[in-house]
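Trainee: Below are the sequence and a predicted model for it; my questions follow.
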Amino acid sequence: AADRGEDVELVHLPEVPERGETVSGRDDEATVAQRKKGRLYQTVSILLGAFTIAAVSMTARISALNIAAERITTRLRGDMFRAVIQRDVEFFDRSRTGELISRLSTDTTVISRSLTDSSASGIRRAIEGVGGVGLLFYLSPALTGVMLSVIPPVFLGGLLFGRKVRNLSKEAQDALSQTTEFAEERLGGIRTVRSFGREEAEIAEYQ
């Protein structure tokens with residue numbers, strides 16, 4: 001039996017972890033998972049809060065701009081009507097009623113929108129541009145210098161394009177005033193138009 005025992009090799013069985021150690025490892029994994037879950041909820045809450053604040057701020061900005069535009073339009077129309085009504089009779093002989101009405105209704109709206117929307121957009125873009133250029137200078141001054149070298153030709157092209165757009169906008173406003181004037185005259189003299197049967201001719205001329 002002793003010889004047989006010497007020939008038998010001892011087999012080492014894997015150590016079985018104690019009960020306390022297994023429970024502790026599971027507790028650690030559960031704690032890590034709970035922490036990750038908590039961080040996920042925290043991140044989602046922060047994002048939802050940021051999106052909510054951004055939506056409320058945008059709504060408030062749009063509402064404030066619309067209110068400001070309507071108030072500016074009302075004041076412009078009142079001031080313009082006061083200036084027109086106080087002119088001499090020769091002015092009304094030279095100017096037609098339809099053109100004056102178009103100026104009161106359309107031009108004042110365009111000016112008020114330009115003063116509100118364009119100004120707000122310009123201020124926002126200026127702040128974004130200054131912040132972006134400052135950050136780029138901090139990261140790479142050389143690359144920022146190369147990027148800024150493109151600004152002069154772009155600015156010159158934008159200036160020329162802006163003048164062209166301004167001229168086109170002026171022509172469009174003049175054409176709109178002439179159209180309003182034509183429609184007012186024809187509708188005011190609708191009995192004369194009907195008596196001569198010029199409905200189709202007036203429609204073609206208006207178009």
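Mentor: Ah, there it is.

Trainee: quick one, phi psi at the spatially most central residue of the chain?
Mentor: The centre of the chain sits closest to residue 121, judged by Cα atoms, centre = their mean, with a distance of 7.7 Å. The phi and psi values for residue 121, taken as degrees, to the nearest 10, are phi -70, psi -40.

Trainee: What distance do you get for it to residue 127?
Mentor: Residue 121 is 11 Å from residue 127, where distance means Cβ to Cβ, to the nearest Å. (Each C-beta comes from the backbone N, C-alpha and C, glycine too.)

Trainee: Then residue 163?
Mentor: Applying Cβ to Cβ to residue 163 and residue 127 gives a distance of 26 Å.

Trainee: swap in residue 119?
Mentor: Per Cβ to Cβ, residue 119 is found 13 Å from residue 127.

Trainee: now residue 147
Mentor: Counting by Cβ to Cβ, the gap from residue 147 to residue 127 is 18 Å.

Trainee: which residues touch residue 41?
Mentor: Residues in contact with residue 41 (Cβ atoms under 8 Å, 6 or more residues apart in numbering): none are found.

Trainee: ok, back up a step: so how far is residue 174 from the residue nearest to the centre of the chain?
Mentor: Applying Cβ to Cβ to residue 121 and residue 174 gives a distance of 26 Å.

Trainee: now residue 101
Mentor: For residue 101, the distance to residue 174 equals 14 Å [Cβ to Cβ].

Trainee: what's the answer for residue 134, then?
Mentor: Noted for residue 134: a distance of 44 Å to residue 174, by Cβ to Cβ.

Trainee: Contacts only, for residue 160.
Mentor: Applying Cβ under 8 Å, 6+ apart to residue 160 gives no contacts.

Trainee: pLDDT value on it, please?
Mentor: Residue 160 carries a pLDDT value of 86.

Trainee: what helix or strand is it on?
Mentor: Residue 160 belongs to helix 151-188 when elements are defined using DSSP states H and E.

Trainee: all helices of this structure, in order?
Mentor: For the chain, helices defined by DSSP state H occupy the ranges 2-7, 19-85, 89-94, 97-102, 108-113, 119-139, 141-148, 151-188, 190-195, 199-206.

Trainee: Give me the contact list for the fourth one.
Mentor: Think helix 97-102. 84, 176-185.

Trainee: ok, now the fifth one?
Mentor: Where contact means Cβ under 8 Å, 6+ apart, the residues beyond helix 108-113 that reach it are 69-70, 72-73, 76-77, 80, 173.
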